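K.L.:
Below is the sequence, then the predicted model.
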Amino acid sequence: MNVTTFNAFKSSNYRLFFAGQSISLLGTWMQKTAVSWVIYAQTHSKFMLGVSVFATLFPSALLTPVGGVISDRYNRYRVLLLTQVLSMLQAILLTAVVFFKGYAVWEIILLSVVLGLINAFDVPARQSLVYELVDDKKDLPNALALNSSMVNLSKLLGPAIAGIAIEHLGEVVCFGLNALSFVAVISSLLLMKLPKFVAKLHTKNILGELVEGFVYVKETPTIRFIILMLALISLLVLPFTSLMPVYAKDVFHGTASTFGLLDSAIGLGAFAGAIFLASLKPSANLNKILTINTFVFGSGLILFSYTAWYPLALFFVSIGAFGMMSQITINNTLLQTQAAPAMRGRVISMFVMVYASTLPIGSLIVGAISEHVGVQATVLGQGILALGIGLLHFRHLQKNKPTKPVSPSTEAMLTEVAPTA
């Protein structure tokens, strides 16, 4: 770490955002861990694990472009406040279902669909609002990297706490604590002091602005490449995480705590990766770092896939997660700093749409393949595919060597003065 690691904390609104989200995300990861464990414990089906991921992400993918238009068109702050309240209500319903019903698989999946619909509007508003929370726009890459560290610290702690809670207190505790955690994020939003929202005149309807966003991405080569690579990695490699309950139960012959520690090891590696990214100098070549870390991601999965000794497996999967971190964080940073301000919400929504559509489809595919070839062979194959995607990044890097290094902060300043359509 160095003095630039926490630059974004100079902005009071961002500090409030970070504090509230940190508590809420801890509950979110506890709930995600409990959902996976309940689904696999009650169905013993790898395919149903894929269905549970699909239920949350695919509905979000369908509506996220509309959520991006809403984020660009209306007050992002109010949109986010509303989605957080709705998410809390969903968590309360999920807690009640698990508490009052023994076998609640289909109710959990239905409520996962509801959460996915809420997230379609929540994620574009939350991601694009970060830009407005940072006073000095040069600190935007740092803020996005800190966001990733927040997500992955919660992923490190949440599953471990959830594993212990499930064993000793029952799954319902995880769902209840997640519902309670939304009080923190809603309170932090209410304490923020933002400039008064000024509505802009829109000459196009929502459908017209949606089409405009797709055309913008299609005709901007750098943004198009970023989203294409994200699609490949999300479809083919990132779904390895949906197989962790199988590793815990069938490979390591463990319990909910074994699963919680596996998820926490992924969180630890990703958290380390996020802190590494937050500590980078503004002049760092993010495309080069993304390329290297894609190779790290693939290598970690290959080493993890057939490792039978549990402690060593935890080490290898954390190495893979370190490289995995760049796939989301650097791509998000590159998109936010390169997109025109008037298009930022829609570009982020397409980033989320691609992630939220390919990951659940990939989870279904990975679940089905692992039923036939085994979970370890599946993860080995995913590691090899990650190396192939790394080669595509390397080829792109070689073909697009800049004549003069451009830092993310400089790009952010350039997009600020870009013409707004």
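P.N.:
Cool, got the structure.
K.L.:
separation between the nearest residue to residue 161 once chain neighbours are set aside and residue 174?
P.N.:
With CB to CB, 6 or more residues apart in numbering as the measure, residue 30 is the residue that lies nearest to residue 161, at 6.0 Å, once sequence neighbours are left out. In this view, the C-beta of every residue, glycine as well, is placed from N, C-alpha and C. From residue 30 across to residue 174, the span is 4 Å (CB to CB, to the nearest Å).
K.L.:
Residue 319 now?
P.N.:
28 Å.
K.L.:
Can you pick out the residue with more neighbours from these two?
P.N.:
Between residue 319 and residue 174, counted using other CB atoms under 10 Å, residue 174 has the larger neighbour count: 29 against 20.
K.L.:
pretty sure the more buried one contacts residue 165?
P.N.:
Yes. The pair formed by residue 174 and residue 165 meets the contact definition of CB atoms under 8 Å, at 5.5 Å.
K.L.:
which residues do these two both contact?
P.N.:
residue 30 (CB atoms under 8 Å, 6 or more residues apart in numbering).
K.L.:
if we can go back for a sec, state whether the residue nearest to residue 161 and residue 177 are indeed in contact, as I suppose.
P.N.:
Yes. The pair residue 30 / residue 177 is scored as a contact, 5.9 Å apart, by CB under 8 Å.
K.L.:
Common neighbours of these two, please.
P.N.:
Both residue 30 and residue 177 are contacted by residue 165, under the criterion CB under 8 Å, 6+ apart.
K.L.:
Name the residue in those two with the higher neighbour count.
P.N.:
For residue 30 against residue 177, the residue with the higher neighbour count under other CB under 10 Å is residue 30, and the figures read 29 against 21.
K.L.:
Check what pLDDT that one gets.
P.N.:
In the prediction, the pLDDT value recorded for residue 30 is 88.
K.L.:
Equivalent analysis for the one 3 residues further on, please.
P.N.:
Residue-level confidence at residue 33 comes out at 84, pLDDT.
K.L.:
List the contacts of it.
P.N.:
With contacts defined as CB under 8 Å, 6+ apart, the neighbours of residue 33 are 158-159, 162-163, 166, 174, 259-260, 263.
K.L.:
swap in residue 157?
P.N.:
Taking CB under 8 Å, 6+ apart, one finds 26, 29, 264, 267 in contact with residue 157.
K.L.:
For residue 22, see how far away it is.
P.N.:
Between residue 157 and residue 22 the distance, using CB to CB, works out to 10 Å.
K.L.:
And residue 190, by the same measure?
P.N.:
With distances taken as CB to CB, residue 190 is found 17 Å from residue 22.
K.L.:
List the buried residues in the longest helix that the chain contains.
P.N.:
Among the segments of the chain that qualify as a helix by DSSP state H, the longest is helix 12-43. For helix 12-43, a neighbour-count test (16 or more other CB atoms under 10 Å) marks 13-40 as buried.
K.L.:
just stretch 394-404 next, same as before
P.N.:
Buried, per 16+ other CB under 10 Å, within stretch 394-404: 394, 396.
K.L.:
From the chain's centroid, how far away is the one helix or strand residue 270 maps to?
P.N.:
In this structure, residue 270 is located in helix 256-278 according to DSSP states H and E. For helix 256-278, the separation from the chain centroid amounts to 13 Å (computed by CA atoms, centre = their mean, to the nearest Å).
K.L.:
Just the mean pLDDT for whichever helix or strand comes after it, thanks.
P.N.:
Tracing the chain past helix 256-278, the next element assigned as helix or strand by DSSP H and E is helix 286-305. This predicted structure assigns helix 286-305 an average pLDDT of 93.
K.L.:
and helix 286-305, C-alpha only, in CSV?
P.N.:
Taking only C-alpha atoms (Å, rounded to 0.1, in the frame of the first residue of the first chain), the coordinates of helix 286-305 have been written out as CSV:
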residue,chain,number,x,y,z
LEU,A,286,-4.2,-1.1,-17.0
ASN,A,287,-4.5,-3.1,-20.2
LYS,A,288,-1.1,-4.7,-19.6
ILE,A,289,-2.0,-5.5,-16.0
LEU,A,290,-5.3,-7.0,-17.2
THR,A,291,-3.4,-9.2,-19.6
ILE,A,292,-1.0,-10.5,-17.0
ASN,A,293,-3.7,-11.2,-14.4
THR,A,294,-5.7,-13.2,-16.9
PHE,A,295,-2.8,-15.6,-17.2
VAL,A,296,-2.6,-15.6,-13.4
PHE,A,297,-6.3,-16.4,-13.2
GLY,A,298,-6.0,-19.4,-15.6
SER,A,299,-2.9,-20.7,-13.9
GLY,A,300,-4.5,-20.6,-10.5
LEU,A,301,-7.5,-22.6,-11.6
ILE,A,302,-5.3,-25.2,-13.3
LEU,A,303,-3.3,-25.7,-10.2
PHE,A,304,-6.4,-25.8,-8.0
SER,A,305,-8.5,-28.2,-10.1
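K.L.:
Which strands and helices lie in contact with it?
P.N.:
Packing partners of helix 286-305 (3 or more CB pairs under 8 Å, 6 or more residues apart in numbering; DSSP states H and E): helix 256-278, helix 310-338, helix 375-399.
K.L.:
outside of the last one, which residues touch it?
P.N.:
What that stands for is helix 375-399. Contacts of helix 375-399 from elsewhere in the structure, counted by CB under 8 Å, 6+ apart, are 46, 225, 229, 232-233, 236-237, 239-240, 243, 246-247, 250-251, 287-288, 290-291, 294-295, 297-306, 320, 323, 366, 369-370.
K.L.:
7 Å - rerun?
P.N.:
Here helix 375-399 makes contact (CB atoms under 7 Å, 6 or more residues apart in numbering) with 225, 229, 232-233, 236-237, 240, 243, 246-247, 251, 287-288, 290-291, 294-295, 297-298, 301-302, 304-306, 366, 369-370.
K.L.:
From those, list the buried ones, please.
P.N.:
So, of the contacts of helix 375-399, 225, 229, 232-233, 236-237, 240, 243, 246-247, 251, 287, 290-291, 294-295, 297-298, 301-302, 304-305, 366, 369-370 end up buried under the neighbour-count rule (16+ other CB under 10 Å).
K.L.:
sec struct for residue 87, please.
P.N.:
With DSSP: H, G, I helix; E, B strand; the rest coil as the basis, the three-state label of residue 87 is helix.
K.L.:
ok, it touching residue 183?
P.N.:
No. Checked against CB atoms under 7 Å, the pair residue 87 and residue 183 is beyond contact range at 11.8 Å.
K.L.:
about what we covered before: adding distance to residue 112 and mean pLDDT, write the helices and strands packed on helix 286-305 out as CSV.
P.N.:
What follows is the helices and strands packed on helix 286-305, written out as CSV (distance: least, CB to CB, whole Å; pLDDT from 0 to 100):
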stretch, distance to residue 112, mean pLDDT
helix 256-278, 17, 83
helix 310-338, 21, 86
helix 375-399, 22, 92
